[in-house]
Each structure stands twice: as structure tokens, then as C-alpha cells.
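Q: Provided below are the primary sequence and the corresponding predicted coordinates.
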Amino acid sequence: MWSHDGVVAISIGLAVVAHHTGGRHICIVPNEESRSEYMEAMRKLGHPADVIVGRPKEVIGGLEGVDLAVVDCRRNDFDRLLRAARLGQRGAILICKNVAAADFRWRSVLCVGEGW
């Protein structure tokens, strides 16, 4: 999830990974203004991406075979976003940015017995 005036550093890394692995780089944005700004920033850097406007939980739940997901832990629903992701058959890498290490526990995010 990226929003207006957001930093694209992580997105550049994801675009490079997608290029080298043959994967698809998708960014979820909240509105058309953010979509236009994000696409322009990535175009200037030479790293195009698929950009989807929508609610993150609904969008990520509609994607199949997620191999890598980056979620901002400052979002109140970050744990629900990770649980909504339909992960790839061979597993996935889940990255939580902006984490308060003392407060974060993977066990509270991942639901054992619900497909994880």
C-alpha cells in the first residue's frame, strides 16, 4: 500500500526483484491521485509497476500466488492484510515495515490452522 507523497525506495527494490525473478510488481494505492504520482515516480526511475486503486484487503485478497508482500505496520489492519494474502504454493516472504520491535510478535499476525 502506497499513498500520496510516499517513499518509493522499497518499491524500487521490489521492482528489481520482480524483474530478476520474472514476477509481477503490484502496488495498491488508495486513489487516482496516488496512482498517477506513483506511476510517474516509478517511470522516472525506469521501473514500471502494475498499480491497483482500491481497498488493500479486498485487492490483496483477490491476488493469487503472492510470493512477497510488504505491509506497513503503522496501519491498524496490517495483520488482516497479511492474513488476506493468498500465498504462493511454495510459501512467501512477508515483510512488515515500520515495526515497533518490542511490540511485534509474528504469532499474533499469523493464524495457525487457517492455511498458514
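A: That came through, no problem.
Q: contacts, neighbours, all on C-alpha from now
A: Will do.
Q: Give me the residue ranges of the protein where confidence is low.
A: Across the chain, the ranges flagged by pLDDT under 70 are 1-7, 101-116.
Q: Please repeat the previous calculation with a cut-off of 50.
A: 116 (pLDDT under 50).
Q: where do the helices sit along it?
A: 9-21, 32-44, 56-61, 78-84, 106-109 (DSSP state H).
Q: mind putting these in TSV, distance to Val70 and mean neighbour count included?
A: Shown next, in TSV, are the helices of the chain (distance: least, CA to CA, whole Å; neighbours: other CA atoms under 10 Å):
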stretch	distance to Val70	mean neighbour count
helix 9-21	9	15
helix 32-44	16	16
helix 56-61	11	18
helix 78-84	9	18
helix 106-109	14	10
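Q: Kindly list the main-chain dihedrals of Pro30?
A: Backbone geometry at Pro30, expressed as degrees, to the nearest 10, gives phi -80, psi -20.
Q: try Gln89
A: Per degrees, to the nearest 10, the backbone of Gln89 is at phi -60, psi -30.
Q: Make sure it is actually in contact with Gly65.
A: Yes. Under the criterion of CA atoms under 8 Å, Gln89 makes contact with Gly65 at 6.7 Å.
Q: The two: which has the busier surroundings?
A: Taking neighbours as other CA atoms under 10 Å, Gln89 and Gly65 compare with Gly65 leading, 14 against 10.
Q: Look at the residue nearest to the more buried one when sequence neighbours are not counted and say how many residues are nearby.
A: In this structure, Gly65 finds its nearest non-sequential neighbour in Gly88, 3.7 Å apart by CA to CA, 6 or more residues apart in numbering. By the criterion of other CA under 10 Å, Gly88 has 13 neighbours.
Q: Identify the residues contacting Gly88.
A: With contacts defined as CA atoms under 8 Å, 6 or more residues apart in numbering, Gly88 is in contact with Glu64, Gly65, Val66, Asp67.
Q: and the end-to-end length of stretch 58-74?
A: 19 Å (CA to CA, to the nearest Å).
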